[in-house]
Each structure stands twice: as C-alpha cells, then as structure tokens.
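Novice: Could you work out the structure for the sequence below:
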Amino acid sequence: MGHRIFAPTWESYELIDAGDGLKLERWGAFITIRPEVNAYFKPALSKKEWANQAHAQFIEDRGTFGNWKKIKPIPNEWFIEFNEIKLIVALRTTKHTGIFPEQAINWQNINNSLNAEDHFLNLFGYSGASSVMATAKGAHVVHVDSSKSALTWAKENQLINGTIGCKLVLEDALLFIDREIKRKHQYHLIQMDPPAWGIGTKGKKWQLEHQIDHLISQSSNLLHDAGKLIVSTYSPKITPAILLQIGEFSFPNRTIKTGMLATKSTTGKVLEHGSLLLVE
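Specialist: Predicted structure coming up:
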C-alpha cells in the first residue's frame, strides 16, 4: 500500500461519515447515503443518526444501478460549486451523482498547471468536471468518453458555466490515443480517470489491469516535453507500486509521484478511493 494523498476539503461537499459499506455525504444543502465498497470499517455515527440527517439513500439493484429512496424532500438535480465553478449533482439510475468529490485534488492541479491557450486532454471524462475547470482557465479542451449520456452531462456542465473551448468526443479512449499519436497532436496536460472495467463504443468489454500499461505508455507520446499526466484508478488490482513501475518505465527522466487517493470524514474515518499517479 502506498502513502495516502488526501483530497482537499471544500465548502460545497462534506464526507460526514463512512462505514458498513456506506458513506454519508453532504452536497451543498442535501445529504445522501450511498454504497461504498471501501468503507469496510464501522461508522462513527449510529444508523439512527445517519437516517436523521439523510435526504435520500441509494438502494442497489444490480451493480451500480438501482433507485434513490427519498427520505426528506430533495430535488432530482441541483448544483454545487468548486472555486466558483458550478457542477451538476443528479440522482439518476446509478449510485454515481455526476461528481467524484475526491477529484478536487486533480481540479486544483488543473487550476495550478494550465495556462490560457494550453491543450488539455480529459480521457474517460465522465460528466466533465475537470473539463469545465480547464475551459474556465482558457485552455483548449478535448473531452473523451465512450458513453453518450456522460457526454450529455459534460455538455450540461459546460452550459451552466458558460464556458467555451471544449470539444466532446464519443470514442473509446484507447483508440482515440492511438489516433492522436498518428495525427501528431500534443497536450500540455492529460488526465485519465478510467473505471476498473468498461465497455467501449462498440460493446467490447475491457479490464483496466490489462490496459493501464498501454494507456500510460501511449500517453507519453502525446505529452509536450514539460507536459503533465494525472492518472486516477479505482481498481483494487492496480496499486501505487504498479503505477510507479509503469510511470518510471514510460517517463524515465521525469518526476513520478504515486499514492492512495483518500478522503477523511468529519468524524475522522479515512476512505481510500484508489491509486493516483502524477507525472511532473
């Protein structure tokens, strides 16, 4: 296990407590209960205290899919803010709300690294939080995802912020990288946040542990000499040590940092989210 890299706290989001396979979170004014496989410990607060606070709880049906059970009045959609950027929170058919709050550490990195007119590639871009951060900085952004619904969500996040300069691409990330290399395109910052497993645009299934080496090594061909790479992984099979090995081989003359991305709850519980790789 690598050392923990803690995500920063921010006003609109709070991990209140975690445990017994669940997490209690505040998104602006509303509080939810969601499944969390890494919350294998006991929570600090009682079930009654959780129920008293929560507005809604996600009930799993199959995998990440299921239904939101409303306990108190709560809208199906609202937005919260990070550094004056609006991000849509939505209760839909999965446990995911459209925001991975621990990614705030990468949003900070984007804010600190990108300049106007820089080129940013967001692979597995999902609902586009990182893409909005980058376009707000004046960067040229390419946002890639193989899900049409994810691209729609990303477009909605761009619209509510009035940001321009984001190109949305419906494509398998691996294929897109290979094509960009042939086109000789380069980027100042690349971020990828791949799921542990996925289904590409043509229905082809893949597992991250079989693709992560290719993703990182090929990304080295897309980065400017001083460009940065951010990789977040949520697969338990991919450890910081594995990412370090791949990173050092793919970027032999660069600074490589790895660790376990983690969040600390208000009650003091630590939730690990997966491995993080930074190439600087």
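Novice: Can you name every helix or strand that the host helix or strand of Glu156 contacts?
Specialist: Using DSSP states H and E, Glu156 sits within helix 148-161. Applying 3 or more C-beta pairs under 8 Å, 6 or more residues apart in numbering; DSSP states H and E, we find helix 148-161 packed against strand 85-90, helix 129-136, strand 140-145, strand 166-170. The C-beta positions use only the backbone N, C-alpha and C, and glycine is treated the same way.
Novice: how does it look with 7 Å?
Specialist: Contact here means 3 or more C-beta pairs under 7 Å, 6 or more residues apart in numbering; DSSP states H and E; on that basis helix 148-161 packs against strand 85-90, helix 129-136, strand 166-170.
Novice: Tell me what angle the first one forms with helix 148-161.
Specialist: It stands for strand 85-90. 140 degrees (axes from the mean of the first three to the mean of the last three C-alpha atoms, to 10 degrees).
Novice: Next SSE downstream of strand 85-90?
Specialist: The helix or strand immediately downstream of strand 85-90 is helix 104-113, counting by DSSP H and E.
Novice: Enumerate every residue touching Val231.
Specialist: Met192, Ile216, Leu243, Leu277 (C-beta atoms under 7 Å, 6 or more residues apart in numbering).
Novice: which stretches of the stretch 151-280 of the chain form strands?
Specialist: Ranges of strands in the stretch 151-280 of the chain, per DSSP state E, counting those that start in this stretch, are 166-170, 187-192, 197-199, 205-207, 223-233, 256-264, 270-279.
Novice: now the ones you listed in JSON lines, with mean pLDDT?
Specialist: JSON lines is the format used below for the strands of the stretch 151-280 of the chain (pLDDT from 0 to 100):
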{"stretch": "strand 166-170", "mean pLDDT": "97"}
{"stretch": "strand 187-192", "mean pLDDT": "98"}
{"stretch": "strand 197-199", "mean pLDDT": "69"}
{"stretch": "strand 205-207", "mean pLDDT": "71"}
{"stretch": "strand 223-233", "mean pLDDT": "95"}
{"stretch": "strand 256-264", "mean pLDDT": "97"}
{"stretch": "strand 270-279", "mean pLDDT": "96"}
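Novice: To Lys42, which of the ones you listed lies closest?
Specialist: Lys42 lies closest, by C-beta to C-beta, to one member of the strands of the stretch 151-280 of the chain: strand 270-279, at 12.9 Å.
Novice: which other helices and strands contact that closest one?
Specialist: strand 223-233, helix 240-250, strand 256-264.
Novice: For this structure, identify the residue most remote from the centre.
Specialist: What lies farthest from the middle of the chain is Lys48; by C-alpha atoms, centre = their mean that is 30.7 Å.
Novice: In three-state terms, label that one for me.
Specialist: When classified by DSSP: H, G, I helix; E, B strand; the rest coil, Lys48 comes out as helix.
Novice: Report the separation between it and Ala54.
Specialist: Counting by C-beta to C-beta, to the nearest Å, the gap from Lys48 to Ala54 is 11 Å.
Novice: cool, Asp118 as well?
Specialist: 41 Å.
Novice: Now do the same contact list for Leu215.
Specialist: Leu174, Met192, Pro194.
Novice: Contact partners for the nearest residue to the second one once chain neighbours are set aside?
Specialist: In space, Met192 comes closest to Leu123 once its chain neighbours are excluded; the distance is 3.9 Å by C-beta to C-beta, 6 or more residues apart in numbering. Leu123 makes contact with Val144, Ala173, Ile190, Gln191, Met192 under the criterion C-beta under 7 Å, 6+ apart.
Novice: any idea how far the second one lies from Gly165?
Specialist: Distance, Ala173 to Gly165, by C-beta to C-beta: 20 Å.
Novice: Of these two, give the one with the bigger neighbour count.
Specialist: With neighbours defined as other C-beta atoms under 10 Å, Ala173 and Gly165 compare such that Ala173 has more, 26 against 17.
Novice: From Ala116, how far off is Gly165?
Specialist: Taking C-beta to C-beta, one finds Gly165 at 10 Å from Ala116.
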